[in-house]
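Q: Mind looking at a prediction? Sequence and model below.
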Amino acid sequence: MILLWGSNARETHPIFFHHVLKGIRNGGKLFVIDPRRTSSAQWADTWLGPDVGGDISLANAMAREIIHSGLANEKFIQHATSGFDAYRAGVEKYTLERAERETGVPAEVIRQTAHAYARAERAQICWTLGITEHHNAVDNVLALINLGLLTGHVGRYGSGLNPLRGQNNVQGGGDMGAIPDRLPGFQHVENAELRAKFERAYGARLDPKRGWHLSAMFEAMKRGELTALYVLGENPIDSEADRHRAVKLMSGLEFLVVQDLFYTKTAELAHVILPGSAGWCETEGTVTSSERRVQRVRAAVPLPEGARDDMEIIYELARRFGRDWGKPDAETIWNELRSLSPMHAGMSYKRLEELGGIQWPCYDESHPGEMYLHSRLWREPLVGPRAPFSVVEFEPPVDELSDEYPIRLTTGRHLDSYNTGEQSRRFPSPLRREATLDLSPEDGKRYHVSEGEPVRVSSRRGSVLAPVRFDPGLRPGLAFLCVHFHEQVSTNDLTIDAVDPKSGTSEFKATAIRIEKCAEH
Amino acid sequence: MSEQAQAPSPLTPIPPAPAPEIPPGVARRQFEIIIDGNRVAVAEGATILEAAKKLRIETPTLCFLETLTPVNVCRVCVVELEGSRALVPACSRKVEAGMVIHTDSERVRLSRRVVLEFLASSVEVRTAPQLQEYMKRYAARREKFGPRAATVAQPEKIDNELYVRDYSKCILCYKCVEACGVDAQNTFAISVAGRGFHAHIATEFEIPLTDSACVYCGNCIGVCPTGALMGKTEYDMRKAGTWDESRQTHTETICPYCGVGCELTVDAQAGQIVKVSSPLDHSVTQGNLCIKGRFGWQFTQPKT
Amino acid sequence: MDLHLNAAKPSAEERAAIDAALEKREAPGHHAPSHVERAPAASSNGLPLRSKRHLLLPVLHAIEQRMGWISPGALNYASLKLGVPPAEAHGVASFYEMFSLTPRPPVVAHVCDDIACMTRGAGALCAELERKLGPAGKPCVGGKAIWQRSSCLGLCERAPGALITAAGETPRERVIAPAKAEGISSTLTEAASGKLLEQIDSIDAKVSVPQAGQPQLRLLRGVGQVDPASLDDYRRLGGYEALRRALQWGPERVIREVMDSKLLGRGGAAFPAGKKWEAVHLQRNSNRPHYVICNADESEPGTFKDRILMEGHPFAVLEGMTIAAFAAGANKGYIYIRGEYPLATERLGHAIRTARAQNLLGESILGSGFSLDVEIRRGAGAYICGEETALFNSIEGYRGEPRNKPPFPTQSGLFHQPTVVNNVETLVNVPEVILSGGAAYARVGTANSSGYRLFCVSGHVVCPGVYEVSLGPTIRNVIEMAGGVGGTGRLQAVLLGGAAGSFVSPKELDTALTFEGTRAIGATLGSGVVMLFDDSVDLKQILLRIAAFFRSETCGQCVPCRVGTIRQEELLERLVQRKPLGSNEQETALLKEMAQAMRDASICGLGQTASGAILSAMDRWSLFS
């Protein structure tokens, strides 16, 4: 059984979804939880369409139902988890009826889903930004982890909890320490012993305190504590929630360096622009996929004139800062990483090529890599610490619906487009269609708007013009805008910068809007 | 409670545990069969094709692909099975204990040759290197049915910027239909339509792809053995006479467009990407990609 | 699934016709098989939509019958209602001769110009229709009708035959045989003016069954003597006694008796019926559900015996089928009947409804605890669907393309479940086996060809029709039974077994019409066709028509058959036109080479036999040397 939660993988992870479809053909069950009845949901045995932000209520009600029906995996809970009693007490108030009130999903369907998940021989929960682009993103994820622990659907072949990554190296970025509190290999920067290992290897002192995540950086800009920014391959002006605020803060920076392939909206504000490289086809290196598989990328074509390999830019900068790192190639840098990150130690370039990639952890050159994580939780005796339950509570989205802003807007991707569109708009996709405000046909009637008609869409932060498109997969009261065409419809003029304090992710998925017929039309 | 009972601290690394096991598959019985006088043992459920491969016997195939369900329609893989009235398709016939098979008898050679002649006399095979090689191997002559033999010649279909369909080259191997359908993409934009010699691959009512269910994953191109389906870039370059495989490099890398980790084979000529595909044997893609992976590379090209 | 429809919309009539067809099919007794490919269900709030793909063919029929053609909008709506991708629905619709995917006048005359009708004036008939109505395939009668040539319609005993179909709110079908240009033309005019056709003609037993009323008849007993719509009449003939006995015996005993009877399939392949039943029965605990199918897609040129049985003796077909289902442990049966048989369809439909009302079908038949429901599926003009695996695909809503065997139907048949497929005539023999006992039945006929069997005698013969025989008669005996050679009275050739059979010469008339007798001269009994050609016939034209038949009926799936059948026709045309490539001998050698590849490498019997009759004639008469 696969529980696809807050993900339209059919369009955002098409090749992953091929594997899901194979599973369905082999008799597997697919449940999709998504406010929209997406093309993924149309393949589901059961689709649950909660109101945006209702995930914790749903998950907690499922947990309560599982516990009350005696379907919790008590042996596993006893053996490998902690905090169950508090968790059980915490979910007790989430009755099916309460969840139905809070999410709109019929109690009976929640019950069936809970039972199917708990009874499945193997079950996994896969999620995407529908879970994480919320002000309580980490709580959402914890709610799903709780379900996995409750049923023992973790650490076993075919089971597990899988965030589906949106870019080819989101996982790799984290692995390499692009997280405020981690060094490469998820080694905590505040662990003095680990930090010392890196300091010895780098011959430099490292800041012993955790840094800022993206949202915290914006907060710091606001406070005037962050005045210079080096942006590599990111286009925050178009991708940040509440665009007005992002423009204002970044325009106020004393020094902004942008390293990118394109002259993006962000680059327009930069003091220095460094033309970089397309990592996947112009340079050598590795990326790490959603399933922790480290894979080689290779240069297939030469760099365009004037552009440089991103690595080269960095060590040229280092040289200008007075440190000569030489000109190590990608493999040399990788081998240094292997010497510092135990979970990558066994991944020589030779092995990566021979095996077509290796899934971390891979501790030495005889280690095969691990197809799934957390099998330690099933070892007798338990290896390592217990896995903790977390008590999490339902909190509706920050941007509240009101008479003035009665429609819930959510955002996402199209199959043929990608993020702010810098890359994907440059090929002639026959599927390409402009940004539209997708509404349920019922809302079309209700607001007297017709398909193709431009309407004014306003939130508490801004307003845009967008043509209407009817999508029968949307329930009344729910609207959808894609994020790809900021030139045409600047979706992030509308979105809220309410941020999850733990992950730093903004609540892109839940904006309160109203629509008005366009006088000028 | 022991130390282990405590909740983990992010400051402390979790100790390595033994690598997890992957459950073993169901043990299969082994069957012994005889192919061309040689004994070979294969697992129950294996095909004659797989058994022959074990003996390094090369069997021609056109409609067969490891990643697709065998449709056994091209019949170029037929072999002689003792006790069977007709020849049997090696690609899909499962082995049974004691089978005695001949892969190169007169009968087999005749059927293979005639099948190739049937195809080549009705279909344009210019961009089908594999088929041409088989024709040489079996001394097949396409001209033997005379100059007025019916063909499937027809104008190319160019209705979008990403790929071209030239059904004059279609041998009706069903691979594209399978890749578009249950074997991979599950989009079902195309099907075999019509009947007999006029059976052909089509959208409903032959509507242009742009009105159809097509999502331009191009997985049909990836499996087409004859060049009937071709990326527009390759098509244009062939037309202009600039397509030159001898000058092309093939580089394996990873698609940038999501976190699934699809392996790409990037074909480049004169420093420009001309085609992107994925290896059939890659566990993630099995040769399949989506529209972004297969066609979304143009942002790397210098503007022309 | 995420179905993507194109922009075409259905009309109100199309929508209503599709809805009505589905409503009818979703009535009790028409439940979707629960294990049908677990097609990922489009789901809405936890309520999955069952895959209804197996209703595609009936829905396409409903559209065609209402509108006279299948429009893009109608196909879209059908796709939506059934959860079938429109490209695949189109692939299925375009497979069948009876469906039009371009606008077509509502009234259509299908005029048979196949070999049996050729001997009885089909050529002249078509020529006259051309003079009267204009060329085939072009609208006539003020654009409201059209006539077109057709392969064998199974009306050979009353050749030449024609089938008129009139689409509309009350769709009608009517057979005219023997047909004259005047009759066809006036019927078209009548139908085109909106008058309802007299629904269907009725069987004239004296013409179709010249033996009618003779006391020794078993399979044909009662045909033409009693009312085929009357269950009481059938019971008076001893009907349903066999079923009663079988239910008492239990499946094992039934299978043993049928094994002992040596009853061989009458569809052409001559496989022992009992073996099929046993193979399915043995899986009763491991692989359920089971199906039983009555193959009534009789389409072999020159074959019409199954039609006569279904029209004249429908309850016997049902009784045999019920016994087969009981033995095999099947609770669901399909009768797959060719689309060109409106009267047989009607009679069987009536018989099913009557039997259901009398508890001879349905829940716990006659209180036995054994339940069976039977559904009729109409073919839509595809010879290949008589091939059992193609037939499965057709019922399931896929293109009627044969599957590779193995696995055999008894292991993996309809919906990939164990399935018994028996021909109509085989099933009508079943009650005889039960009533007389297997051993006694085996003593009828010859050692290797036991029991009763029917021959379809047509062409240049005095009394064409269906003849029942029980001993192994010679070809000469059968011709004599039918009143002797007709036409010029001088026999040139006899075709045995239909287009997939072989020609024999007058010198071979003393061959016994048994499996072993025909095998000895390299011929086959096939479906019991005995078609006579007098010396006025140009056999080359007959061979060309046979080649055209295979070219038009090949499904197109496998290369040897798809291309081989057209190359064979091209080659014969060259020979007939005396424009061979090289010499006639070279052409003959080429044909033999092609024939061998088709026989050896084709997926199914169609390609494997497509050259048999042609080569048999060329061998016997040196036609082109």
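A: Perfect, I can see it now.

Q: Start from the N-terminal end of the stretch 201-350 of chain A and give the strands.
A: Using DSSP state E, counting those that start in this stretch, the strands of the stretch 201-350 of chain A run over A:228-232, A:255-260, A:272-275, A:285-288, A:293-297.

Q: make that the stretch 201-304 of chain B, sorry
A: Counting by DSSP E, counting those that start in this stretch, the strands of the stretch 201-304 of chain B are B:229-231, B:248-254, B:263-269, B:272-277.

Q: What are the contacting residues of stretch A:217-233?
A: With contacts defined as CB atoms under 8 Å, 6 or more residues apart in numbering or on different chains, stretch A:217-233 is touched by A:212, A:240, A:245-246, A:249-250, A:252-261, A:266, A:270, A:276, A:279, A:310, A:497. Placement of C-beta: from N, CA and C, glycine included.

Q: And for stretch C:194-210?
A: C:157-158, C:164, C:166, C:168, C:170, C:172-177, C:187, C:190-191, C:212, C:220, C:223-225, C:228, C:304, C:308, C:311-312, C:342-343, C:346, C:463, C:465-467, C:482-483.

Q: repeat that with 6 Å
A: Residues outside stretch C:194-210 that contact it (CB atoms under 6 Å, 6 or more residues apart in numbering or on different chains): C:157, C:166, C:170, C:172, C:174-175, C:191, C:212, C:220, C:223-224, C:308, C:311-312, C:342-343, C:463, C:465-466.

Q: And for stretch C:279-291?
A: C:251, C:328, C:329, C:330, C:332, C:410, C:414, C:417, C:418, C:419, C:420.

Q: Which of these fall in helices?
A: Applying DSSP state H to these, the entries found in helices are C:251, C:328.

Q: ok, of the contacts of stretch C:279-291, which one's closest to chain B?
A: When the contacts of stretch C:279-291 are ranked by distance to chain B (CB to the nearest CB), residue C:410 comes first, at 16.4 Å.

Q: Skip the chain neighbours and tell me the closest residue to that closest one.
A: Closest residue in space to residue C:410, ignoring its immediate chain neighbours: residue C:279 at 3.7 Å, by CB to CB, 6 or more residues apart in numbering or on different chains.

Q: buried set for the helix or strand that contains that neighbour?
A: Using DSSP states H and E, residue C:279 sits in helix C:273-281. The neighbour-count check on helix C:273-281 (16 or more other CB atoms under 10 Å in any protein chain shown) flags C:273, C:274, C:276, C:277, C:278, C:279, C:280, C:281 as buried.

Q: What of stretch A:250-261?
A: A:250, A:253, A:256, A:257, A:258, A:259, A:260, A:261.

Q: Quick check: the farthest pair among these?
A: A:253 and A:261 (21.4 Å; CB to CB).

Q: which residues touch residue A:180?
A: Each residue near residue A:180 by CB under 6 Å, 6+ apart is listed here: A:210, A:211, A:212, A:213.

Q: Can you name the residue of the stretch 251-400 of chain A nearest chain B?
A: Counting by CB to the nearest CB, the stretch 251-400 of chain A gets nearest chain B through residue A:289, at 2.9 Å.

Q: Around the nearest residue to that residue once chain neighbours are set aside, how many other residues sit close by?
A: With CB to CB, 6+ apart as the criterion, residue A:289 has its nearest non-adjacent residue at 2.9 Å, and that residue is residue B:261. Residue B:261 has 28 neighbours, counted by other CB atoms under 10 Å in any protein chain shown.

Q: Next, the contact list for residue B:261, please.
A: A:289, A:293, A:295, B:254, B:284.

Q: what residue lies at the spatial centre of chain B?
A: The residue lying closest to the centre of chain B (CA atoms, centre = their mean) is residue B:223, at 3.5 Å.

Q: Contacts only, for that residue.
A: B:65, B:175, B:179.

Q: And the first one, how far from residue A:83?
A: Using CB to CB, to the nearest Å, we find residue B:65 at a distance of 51 Å from residue A:83.

Q: hmm, back to that, list buried residues within the contacts of stretch C:194-210.
A: C:157, C:166, C:172, C:174-175, C:191, C:212, C:220, C:223-224, C:308, C:311-312, C:342-343, C:463, C:465-466.

Q: Out of the residues you listed, list just those in helices.
A: Per DSSP H, the buried ones among the contacts of stretch C:194-210 map to helices at C:191, C:308, C:311, C:312, C:342, C:343.

Q: from these, which is closest to chain A?
A: Chain A has its nearest neighbour among these in residue C:342, at 39.4 Å by CB to the nearest CB.

Q: Please report the distance of the closest residue to residue A:433 other than its chain neighbours from residue B:140.
A: Once flanking residues are discounted, residue A:433 sits nearest to residue A:414: 7.5 Å by CB to CB, 6+ apart. Distance of residue A:414 to residue B:140, given as CB to CB: 47 Å.

Q: for the stretch 401-521 of chain A, what are the low-confidence residue spans?
A: Flagging of the stretch 401-521 of chain A using pLDDT under 70 yields the residue ranges A:519-521.

Q: please redo it, this time with the cut-off set to 90
A: Residues of the stretch 401-521 of chain A that meet the criterion pLDDT under 90 lie in A:418-426, A:433-434, A:472-473, A:475, A:483-493, A:496-506, A:518-521.

Q: cool, and chain B?
A: B:1-28, B:299-304.

Q: ok, now the stretch 1-150 of chain A?
A: In the stretch 1-150 of chain A, residues with pLDDT under 90: A:24-27, A:42, A:45-46.

Q: how about the residues of it near chain C?
A: The interface of the stretch 1-150 of chain A toward chain C, taken as CB under 6 Å from any CB of the partner chain, is made up of A:24, A:39, A:42, A:43, A:44, A:45, A:46, A:47, A:109.

Q: Out of those, flag the one nearest to residue A:353.
A: Looking across the residues of the stretch 1-150 of chain A next to chain C and measuring by CB to CB, the closest to residue A:353 is residue A:24, at 33.4 Å.

Q: residue ranges of the helices in the stretch 351-500 of chain A, please?
A: Taking DSSP state H, counting those that start in this stretch to define them, one finds helices in the stretch 351-500 of chain A at A:441-446.

Q: and the residue of it nearest chain C?
A: Among the residues of the stretch 351-500 of chain A, residue A:473 lies nearest to chain C; the distance is 9.5 Å by CB to the nearest CB.

Q: Just give me the neighbour total for the residue nearest to that residue when sequence neighbours are not counted.
A: Closest residue to residue A:473 apart from its sequence neighbours, by CB to CB, 6+ apart: residue A:37 at 3.8 Å. Residue A:37 is flanked by 22 other residues according to other CB under 10 Å.

Q: So residue A:37 belongs to a helix, correct?
A: No - assessed with DSSP: H, G, I helix; E, B strand; the rest coil, residue A:37 is coil; it does not lie in a helix.

Q: you'd agree it is up against residue A:474?
A: No - using CB atoms under 6 Å, residue A:37 is not in contact with residue A:474, being 7.6 Å away.

Q: sorry, back to before: residue A:438 versus the residue of the stretch 351-500 of chain A closest to chain C, what's the distance?
A: Distance from residue A:473 to residue A:438, by CB to CB: 8 Å.

Q: Over to residue A:71?
A: Residue A:71 is 38 Å from residue A:438, by CB to CB.
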